[in-house]
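Give me a 3D structure for the following:
(one chain, ligands or ions: 2)
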Amino acid sequence: MISIRNASKRFPDPEGGVVHALRSVSLDVGAREFITLLGPSGCGKTTLLRSISGFEDLDEGTIAIDGREMTHIPPNKRPVNTVFQNYALFPHLTVGDNIGYGLDVTGCARDERNRRVGEAMELVGLAGFDRRKPHQLSGGQQQRVALARAIVNRPSVLLLDEPLSALDRKLRESMQLELKNLQHELGIAFVFVTHDQQEALTMSDRIVVMDHGSVQQAGPPTEVYDRPASVFVARFVGEGNLFEGELEARGDTLALRTAGGTGIVLSAAGETRRAGPATVLIRPEDLEMADDDSAAGGFASLAVEVTQTIFVGTDFQLVAALADGTPIKATIRDPSRTLARQVQPGAHIRLRYRLDAPRVLAPAASA
Ligand SMILES: Nc1ncnc2c1ncn2[C@@H]1O[C@H](COP(=O)(O)OP(=O)(O)OP(=O)(O)O)[C@@H](O)[C@H]1O
Ligand SMILES: [Mg+2]
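Ligands and ions are numbered 1, 2, ... in the order given. Below is the predicted model of the structure:
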């Protein structure tokens, strides 16, 4: 549906330098795909959306939508619509007129216009609200008006720039599910922008992780989470313990030796990097409390001293330190609430993990 090739965009900065907002970005979006651009503030997400919608011209590269090159096509002639973060409804117009505005300016026939406005309101769960003014709506309802306004002229692609960031957590979570359902019903592509990794994991068919204007990794949520391509991605998506050191091969296993002398053993299967400086990732949920130091059955363990335990609902977070002082976090399932009570700060315990749980990444400095 969208085909982006080597898109680059530079802005002059006030100090006379240049900001590389996009660096040779290439990306394809499928016709019914929910794709999320994820990355820290300033990494180029909005610039990429604005380039797709035509509000920004690329310095280099091309964008095709539905097989058509878009370079010389103005925003209003592209088969895309955008829901902006700051959705700016017209305060003096009713909900119905806000949604119908885009159809009115194109001279859509009255009956057709009313039918489509009704349909769009139905789709976003606002049936019956058409005579209200924006100030008579909640934040979530206003967001729905912005959505309805963007889908009323039936784009093939909907671009959404942090549309949920103004909403509180509960509303945000229910809108996440609604948005996914809406995308399903419309059968169109959504390009969604967020800097909230949880939101990206929940909603997307594919996540595109960006940093400093370039794509760091693009893949399904499970792949980005389980096999991050770099330390940056591992840090940005999910919680992680990252250990730096020298990697050595030992037959079927690898061992990372940290500067503090801790050895972290892991399976060599599926790892391409087998020696030299490396960073190893262990997710907190891959660690569990072990009774002894036996390394049988495809497990290994680490001796730690407990620093803190934090109750977070069904699980508790264990903050601990390796013998060399390196902090390590574990998420421990504890439905009976016994472990959290037993394990006090200062306790010496072992944390166990499956040998195939850790991931080897390029060393942090070169990532
Ligand atoms: N019109 C502009 N003039 C100069 N610099 C710009 C302009 N628009 C964006 N930039 C710069 O380009 C970079 C990318 O900006 P962009 O708005 O795409 O980031 P973003 O990923 O959307 O960030 P956020 O999460 O904060 O919205 C930033 O460094 C920004 O300061
Ligand atoms: Mg932005």
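
what sits up against stretch 216-231?
Defining contact as C-beta atoms under 8 Å, 6 or more residues apart in numbering, one finds that stretch 216-231 is touched by 27, 39, 200-201, 204-210, 232-234, 237-238, 242, 279, 281, 359, 361-364, 367. To be clear about C-beta, it is placed using only N, CA and C from the backbone, and glycine gets the same treatment.

Which members of those residues occur in strands, if any?
Members of the contacts of stretch 216-231 lying in strands (criterion: DSSP state E): 27, 206-210, 242, 279, 281, 359, 361.

Out of those, grab the one that's most surrounded.
residue 207 (28 neighbours; other C-beta atoms under 10 Å).

Surely that residue touches residue 196?
No. Counting by C-beta atoms under 8 Å, residue 207 sits too far from residue 196 to count as a contact (11.5 Å).

Settle this for me: residue 143 is touching residue 160, isn't it.
No. Under the criterion of C-beta under 8 Å, residue 143 makes no contact with residue 160, lying 10.3 Å away.

number of nearby residues for residue 62?
14.

Grab the nearest non-local neighbour of it.
residue 5 (5.0 Å; C-beta to C-beta, 6 or more residues apart in numbering).

so when I look at the one you found, I'm seeing a helix, right?
No. Looking at residue 5 with DSSP: H, G, I helix; E, B strand; the rest coil, it is strand, so not inside a helix.

Next one: it from residue 23, what distance?
13 Å (C-beta to C-beta, to the nearest Å).

cool, and residue 291?
Looking at residue 291 against residue 23, where the rule is C-beta to C-beta, the gap reads 50 Å.

So which other helices or strands are in contact with the longest helix along the chain?
Ranked by residue count under DSSP state H, the longest helix found in the chain is helix 169-186. Secondary-structure packing of helix 169-186 (3 or more C-beta pairs under 8 Å, 6 or more residues apart in numbering; DSSP states H and E): helix 110-123, helix 139-151, strand 157-161, strand 189-194, helix 197-203.

and the residue in the stretch 151-300 of the chain that ligand 1 sits nearest to, how many residues sit next to it?
Distances between the stretch 151-300 of the chain and ligand 1 by C-beta to the nearest ligand atom are smallest at residue 195, namely 5.0 Å. Neighbour count for residue 195, taken as other C-beta under 10 Å: 18.

What lies in contact with the helix or strand bottoming out on mean pLDDT in the chain?
One helix or strand of the chain scores below all others by mean pLDDT, DSSP states H and E: helix 339-342, with a mean of 78. Residues outside helix 339-342 that contact it (C-beta under 8 Å, 6+ apart) are 289, 309, 311, 316, 332, 334.
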